[in-house]
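Enquirer: just a sequence and a predicted model for now, questions to come.
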Amino acid sequence: MNLAAEVIALASDQGATLACAESCTGGLVAAALTDIAGSSAAFDRGFVTYSNAAKTTHLGVPEAMIAAHGAVSEEVARAMAEGARRAAGATLAVSTTGIAGPGGSEHKPEGRVCFGLATAGGTRTETVEFGAIGRSEVRAAARDHALRLLLGALSQP
């Protein structure tokens, strides 16, 4: 069983609902989840908020937060996940924001992706440095990591 199928199966069994807020992955997390037959039992909605304005308008990420920390930050990933969870009324929401490449900078290198996972118990964030492995590869790795975050949360007793 693939990651997305495991996430949907566990969420469905638990009566949990899922949402996602994506920037650098551009909808890949939502696509992976909705590729699974019967995913509508658990997946509510996804937000592709690629621009800073979309993050603010659709997820409630404060403009001042983006200005202070940048869109690729754990602070913004947290706000994105919390905004998606709130907007969807979902049990769990995951977010991705990063630099898929090419490009980046000394302070925010190519391959850096920040994740947020919002649950009823709170929100956690983390940053993963995938490295300059190529745009498609960073996006796929970020998709899989986001799915693993959801799976881990659903697997908690």
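Expert: On my side now, so go ahead. Everything quoted here is computed from the prediction, not taken from an experiment.

Enquirer: hey, let's count contacts and neighbours off CA atoms from now on
Expert: Noted.

Enquirer: show the end-to-end separation of stretch 51-65, please.
Expert: Terminal residues of stretch 51-65 are spaced 14 Å apart (C-alpha to C-alpha, to the nearest Å).

Enquirer: can you list contacts of it?
Expert: Stretch 51-65 has contacts (C-alpha atoms under 8 Å, 6 or more residues apart in numbering) with 23, 47, 49, 66, 71, 75-76, 79-80, 82-84, 87.

Enquirer: mind running it again at 7 Å?
Expert: Stretch 51-65 is touched from outside by 49, 71, 76, 79-80, 83-84, with contacts defined as C-alpha atoms under 7 Å, 6 or more residues apart in numbering.

Enquirer: name the nearest residue to residue 3, ignoring sequence neighbours.
Expert: Of all residues beyond its chain neighbours, the one nearest residue 3 is residue 147 (6.3 Å), with distances taken as C-alpha to C-alpha, 6 or more residues apart in numbering.

Enquirer: what's the spacing between the one you found and residue 9?
Expert: Per C-alpha to C-alpha, residue 147 is found 13 Å from residue 9.

Enquirer: now swap in residue 25 and tell me
Expert: According to C-alpha to C-alpha, residue 25 and residue 9 sit 23 Å apart.
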